[in-house]
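Student: show me how the following folds:
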Amino acid sequence: MTILITELYDALKDAGASEDKARKAAETMADYDSRLASIDTRLSVLTWMVGTNLIVTLGVLWRLLAHTGG
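Tutor: Predicted coordinates for the structure are as follows:
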């Protein structure tokens, strides 16, 4: 199933692009949009992973330094 961005398709048609070129450009942009959404999701998960790791690491360091100092 081919996905395309209808707003882009309509704009290209109104600008005078041929049917085939407008369809291909709208499909290509929809593919890029899908890839960017996937990257955004992965980046969000990675951000949470790094944040969790930082909190755990700081907790371990705190325990080590508190135990050593007292």
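
Student: going by C-alpha atoms from here, please, whenever you check contacts or count neighbours.
Tutor: Will do.

Student: packing partners for the helix or strand that contains residue 29?
Tutor: Element membership for residue 29, per DSSP states H and E: helix 19-69. On a contact count with 3 or more C-alpha pairs under 8 Å, 6 or more residues apart in numbering; DSSP states H and E, helix 19-69 meets helix 6-14.

Student: what's the angle from the helix it packs on to helix 19-69?
Tutor: On the basis of axes from the mean of the first three to the mean of the last three C-alpha atoms, to 10 degrees, helix 6-14 is oriented at 140 degrees to helix 19-69.

Student: only the buried residues of helix 6-14, if you could.
Tutor: 8-9, 12-13 (16 or more other C-alpha atoms under 10 Å).

Student: ok, stretch 63-70 next?
Tutor: When burial is assessed from 16+ other C-alpha under 10 Å, stretch 63-70 yields no buried residues.

Student: could the buried residues of helix 6-14 go into CSV alongside pLDDT and distance to residue 27?
Tutor: Shown next, in CSV, are these (pLDDT from 0 to 100; distance: C-alpha to C-alpha, whole Å):
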residue, pLDDT, distance to residue 27
8, 88, 9
9, 88, 9
12, 90, 12
13, 92, 14
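
Student: out of these, the closest to residue 60 would be?
Tutor: Checking these against residue 60 by C-alpha to C-alpha gives residue 8 as the nearest, at 52.3 Å.

Student: for residue 36, see how far away the closest one is.
Tutor: Separation of residue 8 from residue 36 (C-alpha to C-alpha, to the nearest Å): 17 Å.

Student: same deal with residue 23?
Tutor: Counting by C-alpha to C-alpha, the gap from residue 23 to residue 36 is 20 Å.

Student: more neighbours: which of these two?
Tutor: residue 23 (20 against 12; other C-alpha atoms under 10 Å).
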